[in-house]
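Enquirer: Kindly return the folded structure for what I paste below:
(chains A and B)
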Amino acid sequence: MQGKKEEALKAREKPAALGPDLDLRGFTRDVKPWRCCPAPSLPRDIAQQSLNVGVRPDEKGRAGTYFQIDHSTVSRAIRKTFEGKAEVMSTEEAFKKYDWMDDYWWKVVAVDADKYTALAELEWDKGYFIRALEGQKITLPLQACLFISKDNLNQNVHNVIIAEPNSEMQIITGCTVHPNVQRGLHVGISEFFVKEGAKLTFTMIHNWAQNFDVRPRTGVLIEDDATFVNNYVCLKPVKSLQMYPVAYCKGTNSRARFNSILYGSEKSYLDVGSKVVLQGAGSRGEVTARAIASDNSHIYARGLLIGEHEDSKAHLECRGLLLSDSSLIHAVPELIAKVEGAELSHEAAVGKIAEEQIQYLMARGFSESEAESLIVRGFMDVSIFGLPSQLQDEIKKMVDITTARVL
Amino acid sequence: MDVLKLEDLSVEIAGKRILNHVDLAVPKGKVHVLFGPNGSGKTSLIHTILGFSSCKVVSGKIWFDGVDITNIPINERVKLGIGIAFQNPPAIRGVKLGHVVRSYIEGEGRAARKDIRLARAVNFPIEFLDRDLNLGFSGGEIKRSEILQVLAQKPKFAILDEPDSGVDVENLEVIGKAINNFLEGRSGLIVTHLGHILNYVKADVAHVLIDGRVACSGKSTKVLSQILKEGYTWCERCLRERETEECRGKRRKR
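Expert: Residues are numbered from 1 along each chain as shown, chains lettered A, B, ... in the order given. Next up is the predicted model:
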């Protein structure tokens, strides 16, 4: 751990490769600790906000819950049925419980990647540890909420997620702020380990504030015959959000899939990408992104596929829709094949709603605004992601609310 | 009474004159046909009747059921009772064909069953109702999907833009019969290039459009046989003669 601290200290001023550089001194670290509180007893305003990011405070239909407010873990619980099958706790507790935690700490994300990873090491504010035990199928989703209640606060979480061999689990993570919070910085380190034959579906829903900065840093290690599915949804304004999670398909027949739905509004600056590194024989990757830019928002939709094994295959698809003349979408699809036989492909399309499509639907009796709304909602069609039906319905509801509000 | 009446209609697209002083009327309960070579302005004429923004009316009027619709939005025209099967409709991701079909029949009861019945009438795979509009449809599937939407809408006046192009023989018969049944007692305008659909659909009058002008109008079977015999050059000649006559008339007046 000491070595990591030293590496972090050296990277303390290192700007990130992408996204606006932030002055970290502008945020406060001073916040009162929160007392433990079962999720169903959380204050109503907090409960409502967490519900908006898919985290159910009543814990209905969930296998377990982790709830962190600011720098305090307020709740962590596992439903009785799943005790001994899955674990949910803070990473701080996990360090106390397991002497092997170092094997999963700063292993797929580099501590000195930039000033944000360094900050997460030097000013670490817990985060969640979620683990499915070997061979266990967790039939209900586990949920985690990372919440900020104080204006201008800096929160640095470090999460570790382990799917032990032949286990299956689904996690829904919601990151959000109290309605009174306008500014702040959230740094989230997430390290995923999907072991042999395991399947992990991870869905992250972000709901920040107009002046909030967000810098998640994610790495995923996928072993033999394991599958990792990552769904990311960001529909609300944010000052700047920059992330470029990377999945290493290390094992034979390992699979990674990234799905993103981005809706940029007001002055949001979103720089979101997904990387898949195909290292194992028969490894497969798929990246699908849908980005809508309205108002004065700027969206950079990136994707990078790296083929390092001759029997590997991946596809990247990015579609962007501009709803205003002052918004911008910059799609950056990249393919790097390092060996013969790696099969990589991409398609990207960015543009405004075609007049021809609006007129076609008007000729079917819809008004101009109904036609636009249908096209936008269709563009954000989450059914293409192949999500479990309950999760799909929840995300669809969020998308419908966003599109109905904007159009 | 005429259900559709185009009066001295001239139209420009991107500053270029596409339709020139078109006069055309379809009486209630009648089905007319519009012939014309490629690029003669048939599809532009249809887009103008519907009110597509690219088609700028520079003179003349469009009347529908006694209402001047020259300047009203597309969906208002549709509400008055105009239905359309497009020749080359755009693909729209995420918007399901079934959603559009059911939007017409909702409130009629048993909407879900009815869309299936309608799909069967045009030999259209039911599972296509759950597919994105026109996305990955073959040429023939597009035609059937367009006609299915018109059948669901049940408009007073149906415009069918080349319903027979790209359709195989077997499906042409199915489509032709479905259209003929539907048009019984209704009015419509069918655009056709080769006239195959007329083997199944009874049409009254045909008009020939050449260079954005109505070159001639007459009994549909007669006009079709003439075109098949002599091609559109016959119509062009006819139009030139008429234009020469018009010029002479103007000179005489002077």
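
Enquirer: Could you list the contact residues of chain A toward chain B?
Expert: Counting by CB under 8 Å from any CB of the partner chain, the residues of chain A close to chain B are A:319, A:354-357, A:359-368, A:374-375, A:377-381, A:384. All C-beta atoms are positioned from the backbone trio N, CA, C, and that covers glycine.

Enquirer: Which parts of the chain are helices?
Expert: Picked chain A for this. Assignment of helices within chain A using DSSP state H yields the ranges A:2-10, A:44-52, A:91-97, A:115-122, A:355-362, A:368-379, A:389-406.

Enquirer: Not quite, go with chain B.
Expert: Here chain B has its helices, by DSSP H, at B:42-50, B:74-80, B:97-105, B:111-121, B:139-153, B:169-183, B:220-230, B:233-253.

Enquirer: Residue 21: neighbour count?
Expert: I'll assume chain A. Other residues lying near A:Asp21 total 12 when counted by other CB atoms under 10 Å in any protein chain shown.

Enquirer: wait, chain B
Expert: Neighbour tally, B:His21, other CB under 10 Å: 14.

Enquirer: hmm, back to that, can I get the helices of chain B in CSV with mean pLDDT, mean neighbour count and distance to chain A?
Expert: Below are those laid out as CSV (pLDDT from 0 to 100; neighbours: other CB atoms under 10 Å in any protein chain shown; distance: least, CB to the nearest CB, whole Å):
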stretch, mean pLDDT, mean neighbour count, distance to chain A
helix B:42-50, 96, 23, 6
helix B:74-80, 96, 19, 4
helix B:97-105, 87, 21, 5
helix B:111-121, 70, 16, 14
helix B:139-153, 90, 23, 7
helix B:169-183, 88, 18, 17
helix B:220-230, 89, 16, 26
helix B:233-253, 76, 12, 29
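
Enquirer: Got phi/psi on A:Lys236?
Expert: Backbone torsions for A:Lys236, taken as degrees, to the nearest 10, come to phi -110, psi 160.

Enquirer: of all of chain A, which residue lies closest to chain B?
Expert: Ranking the residues of chain A by distance to chain B (CB to the nearest CB) places A:Gly378 first, at 2.6 Å.

Enquirer: which residues touch A:Val339?
Expert: By CB atoms under 8 Å, 6 or more residues apart in numbering or on different chains, A:Val339 lies in contact with A:Gly307, A:Glu308, A:His309, A:Glu310.

Enquirer: Please identify, among those, the one with the most neighbours.
Expert: These, ranked by neighbours (other CB under 10 Å): first place A:Gly307, 25 neighbours.

Enquirer: Please verify my assumption that that residue contacts A:Ala314.
Expert: Yes. A:Gly307 lies in contact with A:Ala314 (CB atoms under 8 Å); the separation is 7.0 Å.

Enquirer: anything in contact with each of the two?
Expert: Here A:Gly307 and A:Ala314 have A:Leu278, A:Glu343, A:Leu344 as joint contacts, going by CB under 8 Å, 6+ apart.

Enquirer: who touches the residue nearest to A:Glu340 when sequence neighbours are not counted in this structure?
Expert: Distance criterion CB to CB, 6 or more residues apart in numbering or on different chains; nearest residue to A:Glu340, sequence neighbours excluded, is A:Glu310 at 6.0 Å. Shown here is A:Glu310, whose contacts under the criterion CB under 8 Å, 6+ apart are A:Val339, A:Glu340, A:Gly341, A:Ala342.

Enquirer: Going by neighbour count, which of the residues you listed comes out on top?
Expert: A:Ala342 (21 neighbours).

Enquirer: Spatially, what comes nearest to that one if we skip its sequence neighbours?
Expert: Distances taken as CB to CB, 6+ apart put A:Gly307 closest to A:Ala342, at 2.5 Å, once the chain neighbours are dropped.

Enquirer: Kindly report the same for A:Ile78.
Expert: Closest residue in space to A:Ile78, ignoring its immediate chain neighbours: A:Gly64 at 4.0 Å, by CB to CB, 6+ apart.
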